[in-house]
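*Asks:* how would this look folded up:
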Amino acid sequence: MTSDQLLLFLPAAALVAASPGANNLLSLINGARAGLRPTVFSLLGRLTAFAILIGLVAAGLGALLAASELAFTIVKWLGVAYLTYLGIKLWFSRDLDLGETETHDGNVWRLARKEFLVAITNPKAILLFTAFLPQFVVPGTEAATQLLWLGAIYLPIEVCAACLYATAGSRVRKLRLTPPRVRLLNRTAGGMMLSAAALLASSRRAA
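*Replies:* Numbering: from 1, shown residues only. Below you'll find the model as predicted:
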């Protein structure tokens, strides 16, 4: 991998990682409801999902999802269903905390599982890796190896961007919120998640 290749890839990857999306929205919500530390630990779920997707792209299976209307539709509606479930659950929640304490292990793993499921059921993620990473592959070299290297570089950039969203959410948590404001926060978060579900439902496979 050349220095020129990295100079092009790093800023582009930072923009992609920082863009609003279902997972970054989830980190924002988790930061507000569970605190910064468990939200940061929960990113292990997202990284696991993204690592799987990058591996699939390097293996050539990403192109199958990009080309198959049926595969895209199945994954898309699984993602819509899960985001809708999270949105409705948040909307009707009356509490701010997701667990008994901020450092409860079970709470952290529940958050990580949500991160994983949101990432792995979002067809836009694998289509993003299918369309984005190959742009930085040098022609005439082993594409699969380069894709894996690019993916390995992208993952820590994704973590940094997610931590910014989690930090922003945790700032809200530190405010002294009255019960009506807690309900307003939960309904706002639920509405944002339902909006993400609606956007995913309206997405179309690239021709």
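
*Asks:* Which helix or strand in this structure has the lowest average pLDDT?
*Replies:* Taking mean pLDDT, DSSP states H and E as the measure, the helix or strand of the chain with the lowest value is helix 62-67, at a mean of 61.

*Asks:* in the protein, which ranges drop under the pLDDT threshold?
*Replies:* 1, 61-68, 95-106, 140, 205-207 (pLDDT under 70).

*Asks:* could you show me where the helices are in it, in order?
*Replies:* 3-18, 22-34, 36-58, 62-67, 69-92, 105-120, 123-132, 143-173, 179-201 (DSSP state H).

*Asks:* Go through those helices and pick out the most buried.
*Replies:* helix 22-34 (a mean of 26; mean count of other Cβ atoms under 10 Å). Where C-beta positions appear, they are placed from N, C-alpha and C, glycine not excepted.

*Asks:* could you check the angle helix 123-132 makes with that one?
*Replies:* Between helix 22-34 and helix 123-132, the angle comes out at 130 degrees (axes from the mean of the first three to the mean of the last three Cα atoms, to 10 degrees).

*Asks:* Helix 22-34 vs helix 69-92, what angle?
*Replies:* Interaxial angle of helix 22-34 relative to helix 69-92 (the same axes, to 10 degrees): 20 degrees.

*Asks:* what's the distance between helix 22-34 and the middle of its chain?
*Replies:* For helix 22-34, the distance between its averaged C-alpha position and the chain's averaged C-alpha position is 10 Å (Cα atoms, centre = their mean, to the nearest Å).
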